[in-house]
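Chemist: Structure of the sequence below:
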Amino acid sequence: MQQAHTNNSLIGWWKKAVFENYANFNGRARRAEYWYFALANFILLIPFYIIGWIGAVNQSNGLMMLGFGIYFLAALGTLVPSLAVGVRRLHDLGKSGWYYFVGLIPFVGGIILLVWFFTDGNRFTNAYGEDPKNPAGPVFDFEQSQAAV
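Modeler: Below is the predicted model of the structure:
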């Protein structure tokens, strides 16, 4: 019997965004999926960036090229999944993926996107799909069977 695939870990969410939904701009992404992906990506990239800077400060061209080279390749490899999970995050809010371009507005665009990415998504099915937190839909009190009193 095969175990169900769970994404409750940092690496699980990152693998879901990179391997399962590499260029998937359709559907919705929960806040957890977006932020765990962003955190894992940061943890993946920052050591190579630091190695590159250590090489630059110590005037070691080989170390600098190695650090920044791997950083660039890893950042380039996760660029499409980063865009895709951001667009799916906007879809969870009921917004078109084109709203991602709001981030290009100087000074305030990044802040607006940050607020949207922290905002809880729609609880119900919207134009982009079912609620990823509760795909079966919310259960209301009047829908549950009432016990005899």
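Chemist: Could you measure from the nearest residue to Tyr22 once chain neighbours are set aside over to Met65?
Modeler: Excluding its sequence neighbours, the residue lying closest to Tyr22 (Cβ to Cβ, 6 or more residues apart in numbering) is Pro81, at 5.5 Å. Yep, even glycine has a C-beta here, placed from its N, CA and C like the rest. Pro81 sits 25 Å away from Met65, going by Cβ to Cβ, to the nearest Å.
Chemist: For the residue nearest in space to the middle of the chain, what is the enclosing helix or strand?
Modeler: What sits nearest the mean C-alpha location of the chain, by Cα atoms, centre = their mean, is Tyr34, with 2.4 Å. Under the criterion of DSSP states H and E, Tyr34 resides in helix 31-57.
Chemist: Tell me the buried residues in the helix or strand following that helix?
Modeler: Once the chain leaves helix 31-57, the next helix or strand it forms, by DSSP H and E, is helix 61-77. For helix 61-77, a neighbour-count test (16 or more other Cβ atoms under 10 Å) marks 63-64, 67-68, 70-71 as buried.
Chemist: residue contacts, the nearest residue to Trp53 once chain neighbours are set aside?
Modeler: Excluding the flanking residues, the one nearest Trp53 by Cβ to Cβ, 6+ apart is Gly67, at 7.3 Å. Each residue near Gly67 by Cβ atoms under 8 Å, 6 or more residues apart in numbering is listed here: 48-55.
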